[in-house]
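Q: Return atomic coordinates for the entry below.
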Amino acid sequence: MNLFKNHIFSQSDTFRNCDAPLQISGTAAEEISGGSSSSEEVSWIFSVTIKEGEAANLKKLVNEISKSSKANEPNTLSYHWYISEDHMRGEVHEHYGNSEAALEHLSTFNAEYADRIMTMIKPEGMIVFGNPSNVLRQELAGANPVFMRSVAGFSRI
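A: Residues are numbered from 1 along each chain as shown. Predicted coordinates:
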């Protein structure tokens, strides 16, 4: 079962038909991935447009998701939402110890939050960093992500 596709992306073909996928390269990509091509860590950036009048509701929901992830998902290494000053765009940066941790998060997200968050956002693009398992790649396929592997770099955090 493709959790990510069946829940978050089945409601909109806009995301799958995006003509210009978001791309990050160079230093930013190396910093996000940790620079280790042999690492089991996986991270991604998911970009959205926030529907008019939904920024306050989105902030409340992503705080709920963040608190739940911190309390219940020990291999979720970081989870950060960012919202533009004009409240029209958002990005979530997620970092997991391994593909299994990412799958655990997606399972919870889809069961508890996906339906609510999709009323507030329109997906725009996704970039996945690291070496996700084939199972995780299948779960993320509905987002039509760009996959990037680290070629050099390091992280001090």
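Q: C-alpha from now on. contacts and neighbour counts both.
A: Will do.
Q: wait, what's in contact with the closest residue to residue 119 other than its chain neighbours?
A: Of all residues not flanking residue 119 in the chain, residue 51 sits nearest, at 8.0 Å (Cα to Cα, 6 or more residues apart in numbering). Applying Cα atoms under 8 Å, 6 or more residues apart in numbering to residue 51 gives the contacts 88, 119, 120, 121, 122.
Q: just the strands in the protein please.
A: For the chain, strands defined by DSSP state E occupy the ranges 42-50, 76-83, 89-96, 121-130, 146-148.
Q: Name the residue closest to the centre of the chain, please.
A: Most central in the chain under Cα atoms, centre = their mean is residue 46, positioned 4.2 Å from the mean C-alpha point.
Q: correct me, but that one touches residue 93?
A: Yes: with contact defined as Cα atoms under 8 Å, residue 46 counts as touching residue 93 (6.7 Å).
Q: circling back to that earlier point, so the residue nearest to the centre of the chain bridges to which residues?
A: Beta bridges link residue 46 to residue 92, residue 126, judged by DSSP bridges.
Q: quick one: it from residue 124, how far?
A: 8 Å (Cα to Cα, to the nearest Å).
Q: Equivalent analysis for residue 47, please.
A: Computed as Cα to Cα, the residue 47 to residue 124 distance reads 5 Å.
Q: Output the below-cut-off pLDDT ranges for the protein.
A: Within the chain, the ranges that satisfy pLDDT under 70 run 1-38.
Q: which residues does residue 102 contact?
A: By Cα under 8 Å, 6+ apart, the residues touching residue 102 are 42, 76, 96, 136.
Q: Switch those residues over to a markdown table; also include neighbour count and distance to residue 151.
A: As requested, the contacts of residue 102 are exported to a markdown table (neighbours: other Cα atoms under 10 Å; distance: Cα to Cα, whole Å):
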| residue | neighbour count | distance to residue 151 |
| --- | --- | --- |
| 42 | 27 | 14 |
| 76 | 22 | 23 |
| 96 | 23 | 19 |
| 136 | 21 | 21 |
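Q: All good on my end, thank you.
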